[in-house]
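K.L.:
What follows is a predicted protein model with its sequence.
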Amino acid sequence: MTLQLLELNDNGVALGGEDGVLLTSAGFALAKEKEVLLGNEARAQSRLHPNQSHSRYWQDLSLEPLPSGRLPNENLRHSADLAHAHLQAIAEQSGGEPRDVVLSVPSSFSRQQLGILLGVAKKTPLRVVSLVDSALLAAASTPAEGATVVVQQQLHQTLISLIEWHGGRLKVEASVALPSTGSENVIDALMQFSTELFIEQCRFNPQHDAPTEQLLYNALPDWLRAAASGENVLLELAADGALHGAKLPYQDLLSALAPTREKIAQQLRSLLQRSQSANARIVVCPPLGGLPGMTAELASHAELVRVTAVNVAGFETSIASCFAHRDQLVTGAPFGLHKQLAVDAGMSRAAPRREGPRARFTLDAQTAAGLRLNGNPIRLAEGEALFVAQGDTLGIMQPDGSIASLVLESFMQEEVSDGEG
């Protein structure tokens, strides 16, 4: 039977297989008069009908009845019913046939929630054959000796998990949920910020009624992606028969997002203090990895918290990790939540921690493939930064296959302060 991976992050519940990502569906439900809209369609109308919109049913999965009047019929009573409807819709959108799935679940789920989840899934074509911590899968895609901190943003909170290396095994040691730092919190802050820009620059209030507020909400993710280049962004909304525009300076955007970035960075540093490992790396999962200034914020703490790498890992890397470790996840062990995995030590990319000034380099994968750091191959994922310290040995592969070595004895001051090379 076909094996697939289903990752439960309400930012986008994602389904994938060996051929890649099949679909993503936002953790939204919208109660209409006789039906419930689910996923991306519900999200795109959530500001039009805020009292009928539900976006916490995955995070707060339970059998507690929801307030009367917020659901369209007696078959939908609580968040577990909404979760079932969502899973059923995902199964139907991906063909409807029965299939085996590995469920990748957030560390924040309690034992009771896991039990409810398994009961809900039994009533769908999705046959759960394994449960695995989603942070563990993200870390196992590119395992490294030492500590790995995985940062996962959900709709209404951010999960930060500490995974440690124990003699060839990765194990989830701790996880912290940071409330009010989710993607919806970011969108809410940016809606207020962009509204002020529109009012100031063109005397247009995009939140003066529900339809234009929904237009603003739907446009913000695209504007955030446009800002990822570090350039100023022109915000445009077509409403009330006119095209309204406002300029968003990149530095002002960074300032508006600073509270979220700082909360996450502070909690990450606190979690790293629990680790006794000599070195650590940070794995940031989308959409947080694309938040302007986020990876730079985390990289700026590298000298203080012994971080050797900061990289972004999407659902594709979790799919690859799932199938690389499918024998451990699906066979040879009693059914339960996997919090640890045996991994290949030869896949480790982390370099030993060295004291003194360090520089941060951004390299494409092709360039990195021909380099060695302290004798180890450099394997960089998309968006990953390489940190080097004084005394490190950088090896450069020559056309004849030999390695020319260069000992990094000193850095120019601007190289250290800029952190880019």
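P.N.:
Perfect, thanks for sending it. Numbers count the residues shown, from 1 in each chain.
K.L.:
what ranges of the protein fall below the confidence cut-off?
P.N.:
69, 72, 301-306, 308, 332-334, 345-421 (pLDDT under 70).
K.L.:
Could you list the buried residues of stretch 288-304?
P.N.:
For stretch 288-304, a neighbour-count test (16 or more other CB atoms under 10 Å) marks 288-299, 301-303 as buried. C-betas here are computed from N, CA, C, even on glycine.
K.L.:
for it, the distance to its chain's centre please.
P.N.:
Counting by CA atoms, centre = their mean, to the nearest Å, stretch 288-304 is centred 14 Å from the centre of its parent chain.
K.L.:
likewise stretch 180-189?
P.N.:
With CA atoms, centre = their mean as the basis, the mean position of stretch 180-189 lies at 14 Å from the chain mean.
K.L.:
ok, which pair from the buried residues of stretch 288-304 is furthest apart?
P.N.:
Gly290 and Glu303 (24.5 Å; CB to CB).
K.L.:
what helix or strand is the closest residue to Leu178 other than its chain neighbours on?
P.N.:
The shortest distance from Leu178 to any non-neighbouring residue, by CB to CB, 6 or more residues apart in numbering, is to Thr158 (4.6 Å). Assigning secondary structure by DSSP states H and E places Thr158 in strand 157-166.
K.L.:
cool, and Leu63?
P.N.:
Leu63 belongs to no helix or strand, assigned by DSSP H and E.
K.L.:
And Leu30, by the same measure?
P.N.:
strand 29-31.
K.L.:
Tell me the helix or strand right after that strand.
P.N.:
strand 36-38.
K.L.:
Given that next one, what are its sheet partners and their directions?
P.N.:
Paired with strand 36-38 in the same sheet, following DSSP bridges, are strand 29-31 (antiparallel).
K.L.:
what number of residues lie near the spatially closest residue to Glu7 that is not a sequence neighbour?
P.N.:
Once flanking residues are discounted, Glu7 sits nearest to Ser104: 4.1 Å by CB to CB, 6+ apart. A count of neighbours around Ser104, defined by other CB atoms under 10 Å, yields 28.
K.L.:
elements contacting whichever strand or helix holds Ser104?
P.N.:
Following DSSP H and E, one finds Ser104 within strand 99-105. Here strand 99-105 touches strand 3-7, helix 111-121, strand 126-133, helix 134-140, helix 315-324, helix 326-330, going by 3 or more CB pairs under 8 Å, 6 or more residues apart in numbering; DSSP states H and E.
K.L.:
Mean neighbour count, those: which tops it?
P.N.:
Counting by mean count of other CB atoms under 10 Å, helix 134-140 has the highest mean neighbour count of these, with a mean of 28.
K.L.:
Give me the helices and strands touching that one, please.
P.N.:
Packed on helix 134-140, when contacts are counted by 3+ CB pairs under 8 Å, 6+ apart, are strand 99-105, strand 147-153, strand 157-166, strand 169-179, helix 315-324, strand 340-342.
K.L.:
Need the winner for burial among these.
P.N.:
strand 147-153 (a mean of 27).
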